[in-house]
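Trainee: 3D, please:
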Amino acid sequence: MDSKFTELQTVIDLRKTKGFAAASQEILTDKGKNAMDAIRKVVNAMVSEETGLLDKRSAEEQDRSTAPC
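Mentor: Next comes the predicted model:
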């Protein structure tokens, strides 16, 4: 995520110091998009892992609640 924040700061700094055209050129490099794609990939993996764990724990709890005493 640091790379995305760095890219955003770079664009802001370019806009302030060199103008809109320089900032636009930086945006067109897709560095920000690539950083966000990488962040999304990590978040999706985390969500998948957590969903798998929840499903497993739910099934275990269901088994415990229906098992004879």
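
Trainee: and the longest helix anywhere in the chain, what does it pack onto?
Mentor: Using DSSP state H, we find that the single longest helix of the chain is helix 31-66. On a contact count with 3 or more CB pairs under 8 Å, 6 or more residues apart in numbering; DSSP states H and E, helix 31-66 meets helix 2-18. (Glycine included, C-beta is placed from N, CA and C.)

Trainee: Kindly calculate the angle that the helix or strand that the helix it packs on is followed by makes with helix 31-66.
Mentor: Remark: after helix 2-18, the chain's next helix or strand is helix 20-27, criterion DSSP states H and E. If you take axes from the mean of the first three to the mean of the last three CA atoms, to 10 degrees, helix 20-27 sits at 40 degrees to helix 31-66.

Trainee: Pull out the buried residues from helix 20-27.
Mentor: Neighbour counts over helix 20-27 (16 or more other CB atoms under 10 Å) mark 23, 26-27 as buried.

Trainee: Show me the shaky parts of the protein.
Mentor: 69 (pLDDT under 70).

Trainee: So what's the residue count around Cys37?
Mentor: Not Cys; residue 37 is Asp. When neighbours are defined as other CB atoms under 10 Å, Asp37 has 10 of them.

Trainee: What separation is there between it and Lys31?
Mentor: As judged by CB to CB, to the nearest Å, Asp37 and Lys31 stand 11 Å apart.

Trainee: now Lys18
Mentor: Distance of Lys18 to Lys31, given as CB to CB: 17 Å.

Trainee: Those two - which one has more neighbours?
Mentor: Lys31 (16 against 12).

Trainee: dump the residue contacts of that one.
Mentor: By CB atoms under 8 Å, 6 or more residues apart in numbering, Lys31 lies in contact with 3, 7.
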